[in-house]
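In: sequence plus predicted model, see below.
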Amino acid sequence: MSTLRVVLVDDHAMFRTGVRAELERGEGVDVVGEAEDVDSAVAVITETRPDVVLLDVHMPGGGGMEVLRRLQQLGPDSLGKATTFLALSVSDAAEDVIGIIRAGARGYVTKNISGPELIDALGRVAGGDAVFSPRLAGFVLDSFAGTIEIAQVDEDLDRLTEREREVMRLIARGYAYKEVAKELFISIKTVETHVSSVLRKLQLSSRHELTRWANDRRLI
């Protein structure tokens, strides 16, 4: 079997180091490039033309969807003929899964995946399969069936900044302000400001309403 050429895109250097080590510990995978943001991702992908891009969903400057959008603007000649994209994220929110798949990714796995499972997923995506972590495939099926009103979810979320979305998800999952601050490396006062802004933009009045709003839209 030929070696699978992979580009690793993630904004956390330590995470990239760990993933590279896991991939290169197996057989048949060669990490030919790394990137930490949208600009460097587009550059390294067009330069190396890999078989698979392991693409983080949330990064500075627009994240994985912006990478795919930029590459599409450059045209098909910017990629290798068989380059495919596998999204990798800590998020298992419906709009993240559906958004990146609509943008052109062939699969979506979460960061609790094991090394051997990730190598298998890369190989399957390169071979033309669609690969998802458990339960995530249901989001895609539901979006096509019309169960999830994605247009409305997108419209609501467009009112929020990326940081407000992060705060919203954690608050909706039951995190205390102090826990949110620690998770996102921001102050408690900043968390309070973001929560107030989220509630105002979504026309909600309490954390309880926010949790129900997010749960109804499968964002948590």
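Out: Now that the structure is in, tell me what you want to look at. Numbering: from 1, shown residues only.
In: tell me if Glu166 really is in a strand.
Out: No. Glu166 is assigned helix when assessed by DSSP: H, G, I helix; E, B strand; the rest coil, not a strand.
In: residues in contact with the helix ranked longest in the chain?
Out: Ranked by residue count, the top helix of the chain under DSSP state H comes out as helix 188-202. For helix 188-202, contacts defined as C-beta atoms under 8 Å, 6 or more residues apart in numbering pick out 156, 159-160, 163-164, 167-168, 171, 177-178, 180-181, 184, 204-207, 209-210, 213. Any C-beta I mention is one placed from the backbone N, CA and C, and that applies to glycine too.
In: repeat that for 10 Å
Out: With contacts defined as C-beta atoms under 10 Å, 6 or more residues apart in numbering, helix 188-202 is touched by 156-161, 163-168, 170-172, 175-184, 186-187, 204-207, 209-210, 213-214.
In: CA-only coordinates of that helix in CSV, if you can.
Out: What follows is helix 188-202, C-alpha atoms only, in CSV (Å, rounded to 0.1, in the frame of the first residue of the first chain):
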residue,chain,number,x,y,z
ILE,A,188,-14.7,36.0,34.7
LYS,A,189,-15.6,39.6,33.9
THR,A,190,-15.1,38.9,30.2
VAL,A,191,-17.3,35.8,30.5
GLU,A,192,-20.1,37.9,32.1
THR,A,193,-19.8,40.4,29.3
HIS,A,194,-20.0,37.7,26.6
VAL,A,195,-23.0,36.0,28.3
SER,A,196,-24.9,39.3,28.5
SER,A,197,-24.2,39.9,24.8
VAL,A,198,-25.3,36.4,23.8
LEU,A,199,-28.6,36.8,25.8
ARG,A,200,-29.3,40.2,24.3
LYS,A,201,-28.5,39.1,20.7
LEU,A,202,-30.6,35.9,21.0
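In: any idea of the mean pLDDT in it?
Out: Averaging pLDDT along helix 188-202 gives 92.
In: give the contact list for the spatially most central residue of the chain.
Out: The C-alpha lying nearest the average C-alpha coordinate of the chain belongs to Val57 (C-alpha atoms, centre = their mean; 2.3 Å). Val57 is in contact with 10, 63-65, 67, 87-91, 93, 96-97, 99-100, 103, 105, 108, 110, counting by C-beta under 10 Å, 6+ apart.
In: which ones among the residues you listed lie within helices?
Out: The helices, defined by DSSP H, take in Gly63, Gly64, Met65, Val67, Asp96, Val97, Gly99, Ile100, Ala103 from the contacts of Val57.
In: report how many residues lie close to Ile186.
Out: 16 (other C-beta atoms under 10 Å).
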